[in-house]
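Engineer: here is my input, please return the structure:
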Amino acid sequence: MIFAWLWVELTLLGLAALGALVLFNPDRSQLVVFVTVAICITLALLVLAAVRYRLQRSPRWIASKCPTCGGLLYRSHRRPINRLIGLFIPLHRYYCVNPQCRWHGLRIKPVKKR
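Structural biologist: Numbers count the residues shown, from 1 in each chain. Model (predicted):
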């Protein structure tokens, strides 16, 4: 949690420095675009971090039993879109071993307790 606050503070300091450059530079148009892009990227990263934090603590998404029948889940190979999403959120693909259920879907790797 301390690292998150440090990251936010450093980001805000960097944006403040860019804002100062915009004020004291005669050609402000390029810097305004740069600052706007930097703010958008920072906000997107903050939202992604918040979503990841929430999902990794959600009992619904980290359960190790089948949500339909309560049976055992086995891991299976991920699809390419799952691998892409897995770059940001640690996903695993599972299927239910119960022959009547045949559920398959995604589960999120839970956060390790320290």
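Engineer: low-confidence regions, this structure specifically.
Structural biologist: Filtered on pLDDT under 70, the chain yields the residue ranges 1-8, 15, 18-31, 111-114.
Engineer: can you give me the strands for it?
Structural biologist: Using DSSP state E, the strands assigned to the chain run over residues 73-76, 91-96, 104-108.
Engineer: ends of stretch 99-109, what's the gap?
Structural biologist: By C-alpha to C-alpha, to the nearest Å, the extent of stretch 99-109 from end to end equals 25 Å.
Engineer: in it, what counts as buried?
Structural biologist: For stretch 99-109, the buried set under the neighbour-count rule, 16 or more other C-beta atoms under 10 Å, comprises R107, I108. Every C-beta, even on glycine, is put in place using the N, C-alpha and C of the backbone.
Engineer: contact partners of stretch 48-66?
Structural biologist: Applying C-beta atoms under 8 Å, 6 or more residues apart in numbering, the external contacts of stretch 48-66 come out as 4, 67, 71-73, 88-90, 96, 98, 101, 103, 106-111.
Engineer: cool, and stretch 9-18?
Structural biologist: So stretch 9-18 is in contact with L31, F34, V35, A38, I39, T42, going by C-beta under 8 Å, 6+ apart.
Engineer: who wins on neighbours among the residues you listed?
Structural biologist: Per-residue neighbour counts (other C-beta atoms under 10 Å) across those peak at V35, which has 18 neighbours.
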